[in-house]
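Undergrad: structural data only, the sequence is not supplied:
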């Protein structure tokens, strides 16, 4: 089972307000957005949570026009401190707006909007309704 670690949960785990143990039944995942938040706040100490839980990075796949697709890649586990350094090097090559988002994403076609909502919901730990996957309990 994959469980996405929300940034707030990472903070709670680091502070000791919550406790999760590594488990063979659960695979903890994070995204590059975690690295952006860690860089913005200067809290590299939070990377230790990913290391303890052996969390793996989940990367949303983009198409040739840099639009979100309905696919994602789950990377093999690697040291989160090293992965964070590679992330900083990659975003250092081009200007990146690291300011907080100022609203909703741009308007997408229905297919792009569905993909965006489904992947965003998955990444936020919200299970989309079964109807989104073509099955309904009704």
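TA: Cool, got the structure. Quantities reported herein were computed from a predicted structural model and do not represent experimental measurements. Numbering: from 1, shown residues only.
Undergrad: going forward, measure contacts and count neighbours with C-alpha atoms only.
TA: Fine.
Undergrad: need the contact list for residue 53.
TA: By CA atoms under 8 Å, 6 or more residues apart in numbering, the contact list for residue 53 reads 20-22, 28.
Undergrad: one more pass at 7 Å, please.
TA: 21-22, 28 (CA atoms under 7 Å, 6 or more residues apart in numbering).
Undergrad: most neighbours out of those, which is it?
TA: Among the contacts of residue 53, the one with the most neighbours (other CA atoms under 10 Å) is residue 28, at 20 neighbours.
Undergrad: how close does the residue nearest to that residue when sequence neighbours are not counted get to residue 72?
TA: Closest residue in space to residue 28, ignoring its immediate chain neighbours: residue 55 at 4.6 Å, by CA to CA, 6 or more residues apart in numbering. Counting by CA to CA, to the nearest Å, the gap between residue 55 and residue 72 amounts to 16 Å.
Undergrad: okay, those two: which has more neighbours?
TA: Using other CA under 10 Å, the more surrounded residue of residue 55 and residue 72 is residue 55, with 26 against 13.
Undergrad: shouldn't the more buried one be in contact with residue 29?
TA: Yes - here residue 55 reaches residue 29: they are 5.0 Å apart, a contact under CA atoms under 7 Å.
Undergrad: can you pull out the strands in this structure?
TA: For the chain, applying DSSP state E gives strands covering 2-4, 27-30, 56-62, 68-74.
Undergrad: who are the packing partners of the last one?
TA: I take that to be strand 68-74. The contact analysis (3 or more CA pairs under 7 Å, 6 or more residues apart in numbering; DSSP states H and E) places strand 68-74 against strand 56-62, helix 110-123.
Undergrad: next, the angle from the shortest one to strand 68-74.
TA: Between strand 56-62 and strand 68-74, the angle formed by their directions is 150 degrees, by axes from the mean of the first three to the mean of the last three CA atoms, to 10 degrees.
Undergrad: got a list of contacts for strand 56-62?
TA: For strand 56-62, contacts defined as CA under 7 Å, 6+ apart pick out 28-31, 68-69, 71-77.
Undergrad: just stretch 68-88 next, same as before
TA: Contacts for stretch 68-88 (CA under 7 Å, 6+ apart): 35, 47, 50-51, 54-63, 115-116, 119.
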